[in-house]
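[1] sequence first, predicted coordinates after that:
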Amino acid sequence: MAILNIRIIGDPVLRTVADPVTDFGPELAKLVADMTETMEDVDGAGLAAPQVGVSKRVFTYRINGVEGHIVNPVLENSEDFQADHVEGCLSIPGLGFPVKRFRTTRITGVDKDNNPVEVAAEDLLARCFQHENDHLDGVLFTDRLEGEDRKAALRSIRNANYDAVMERTTAKRAKTVGSSFGGAAFGAGAAGTKG
Ligand code: ZN
């Protein structure tokens with residue numbers, strides 16, 4: 001397995017609608033294994049394939065000890081919303097804002113071996129699924145912000161020196177990210193979920 005380089009906002013792959021997976025061979029198995037290892041390394045709550053430069057409809061997740069992956073996901077969201085919760089994104093380092101998300105979601109898709117997968121999710125897991133699924137459509141959490149939060153986020157992105165951020169090693173990054181996005185910090189409401 002290998003730790004993959006995480007793409008940062010400004011990279012076109014993050015704004016590209018990802019292609020469905022059609023080939024369920026060893027290459028996909030390796031991608032899922034590497035994404036899982038990368039997500040764990042940076043203590044992330046989720047990671048979508050476009051975030052590692054692969055424009056395919058795959059993501060991994062890791063919420064409160066529940067870990068997995070899903071290929072070609074389809075979400076059926078509830079009509080109501082959950083309480084806003086601060087989210088971050090591994091592809092937009094240092095930014096965290098409360099995001100409006102549907103209360104529950106039912107996700108269907110397949111695993112790396114093309115076996116059917118179905119998960120009924122609520123709370124953080126439902127939030128994670130919506131965040132990661134957005135990545136597959138080229139949507140970032142900052143796109144979901146409104147009003148002053150949106151202005152503040154766009155300002156931060158404009159001012160951030162992301163070229164410098166990109167040059168940091170994954171190891172350094174893991175330390176930075178870990179402090180704000182550990183499972184404990186997340187549960188305590190001190191920080192947000194990051195994926
Ligand atoms: Zn993200």
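    Done, it's in. Numbers count the residues shown, from 1 in each chain.
[2] contacts only, for the nearest residue to residue 123 once chain neighbours are set aside.
    Leaving aside its chain neighbours, residue 123 sits nearest to residue 82 (6.6 Å; criterion: C-beta to C-beta, 6 or more residues apart in numbering). C-beta: built from backbone N, CA, C; applies to glycine. Contact analysis of residue 82 by C-beta atoms under 8 Å, 6 or more residues apart in numbering lists 101, 102, 103, 104, 122, 123, 126, 127.
[3] who does residue 87 form a beta bridge with?
    residue 97, residue 193 (DSSP bridges).
[4] I'd like the distance between it and residue 144.
    According to C-beta to C-beta, to the nearest Å, residue 87 stands 9 Å off from residue 144.
[5] of these two, which one has the most company?
    Between residue 87 and residue 144, counting by other C-beta atoms under 10 Å, residue 87 is the more crowded of the two (26 against 19).
[6] am I right that the more buried one is in contact with residue 153?
    No: if you go by C-beta atoms under 8 Å, residue 87 and residue 153 don't touch, sitting 10.9 Å apart.
[7] joint contacts of those two?
    By C-beta under 8 Å, 6+ apart, residue 87 and residue 153 have these common neighbours: residue 97.
[8] tell me how far stretch 16-25 lies from the chain's centre.
    17 Å (C-alpha atoms, centre = their mean, to the nearest Å).
[9] now do it: everything it contacts.
    28, 48-50, 55-58, 71-72, 110, 112-114, 135-138.
[10] which among these count as buried?
    28, 48-50, 56-58, 71-72, 110, 112, 135-136, 138 (16 or more other C-beta atoms under 10 Å).
[11] okay, and which of these map to helices?
    Secondary structure from DSSP state H places 28, 135, 136 of the buried ones among the contacts of stretch 16-25 in helices.
[12] leaving out sequence neighbours, find the closest residue to whatever residue of the chain ends up closest to the ion.
    Nearest residue of the chain to the ion (C-beta to the ion) works out as residue 89 at 3.2 Å. Counting by C-beta to C-beta, 6+ apart, residue 141 is the residue found nearest to residue 89 once chain neighbours are left out, at 5.5 Å.
[13] I figured that neighbour was touching residue 97, is that so?
    Yes: at 7.3 Å, residue 141 counts as touching residue 97 under the criterion of C-beta under 8 Å.
[14] residues bridging contact with the two, i.e. touching both?
    residue 87.
[15] more neighbours: the two, which one.
    Higher neighbour count among residue 141 and residue 97: residue 141, with 27 against 19, using other C-beta under 10 Å.
[16] for the lengthiest strand in the chain, buried residues please.
    With secondary structure taken from DSSP state E, the chain has its longest strand at strand 66-77. For strand 66-77, burial by neighbour count (16+ other C-beta under 10 Å) applies to 69, 70, 71, 72, 73, 75, 77.
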